[in-house]
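fold the following.
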Amino acid sequence: MLRDEIDRQFNLVQPTYVITGGMFSMVLDSQKRIRDWDIYTNPARWTRQTLPRADARPATPIVDAAFDGNGHAQDIGEPEIHYDAQRGTICLCWGKWRAGMRWLQRSRSA
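Below is the predicted model of the structure:
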């Protein structure tokens with residue numbers, strides 16, 4: 001992109017933002033759009049279960065956090081990890097896991 005080339009030539013550094021949640025980290029760009037994310041975990045610690053079949057609706061995830069002067073949000077803590085091997089689905093859950101939770105599907109247009 002032209003914007004990236006101009007930033008590179010003039011050594012302009014855009015701020016980035018980081019959200020961590022235990023073993024999960026997400027990097028956001030200067031406009032707080034998801035740029036990258038990582039999961040560092042041990043499958044031996046996952047709760048293996050059949051996850052409920054749920055119709056997911058296409059959506060764009062929105063991340064809302066307060067960031068300090070260095071662009072870091074407060075750690076949101078370790079999630080519960082639920083894994084359905086039959087469907088190949090992993091679910092990270094911050095808060096109490098309950099049946100009937102709302103599922104979102106990554107928007108294909110993004």
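
contacts, neighbours, all on C-alpha from now
OK.

give me the element the residue most central in space within the chain is part of.
Among the residues of the chain, Met26 comes closest to the average C-alpha position under C-alpha atoms, centre = their mean, at 5.5 Å. Using DSSP states H and E, Met26 falls within strand 24-28.

and the next helix or strand past that strand?
strand 34-39.

direction included, what does that following strand pair up with?
According to DSSP bridges, strand 34-39 forms sheet pairs with strand 24-28 (antiparallel).

per-residue confidence averaged over the strand it pairs with?
Confidence over strand 24-28 (mean pLDDT, whole number) is 88.

from the middle of its chain, how far away would it be?
6 Å (C-alpha atoms, centre = their mean, to the nearest Å).

what of stretch 14-28?
8 Å.

can you list contacts of that stretch?
By C-alpha atoms under 8 Å, 6 or more residues apart in numbering, the residues outside stretch 14-28 that reach it are 29-30, 32, 34-41, 65, 67, 70-79.

picking that back up, for the strand holding Met26, buried residues please.
24, 26-28 (16 or more other C-alpha atoms under 10 Å).

same thing with stretch 31-48?
So stretch 31-48, judged by 16+ other C-alpha under 10 Å, has buried residues 32, 34, 46.

distance between the ends of it?
36 Å (C-alpha to C-alpha, to the nearest Å).

just the closest of the buried residues of strand 24-28 to Arg87, please.
Nearest to Arg87 among the buried residues of strand 24-28 is Phe24, at 21.6 Å by C-alpha to C-alpha.

look up how far Leu51 lies from Ile34.
26 Å.

over to Ile6?
47 Å.

what's the answer for Arg33, then?
For Arg33, the distance to Leu51 equals 29 Å [C-alpha to C-alpha].

can you check Ala73 too?
When distance is defined by C-alpha to C-alpha, Ala73 is 30 Å away from Leu51.
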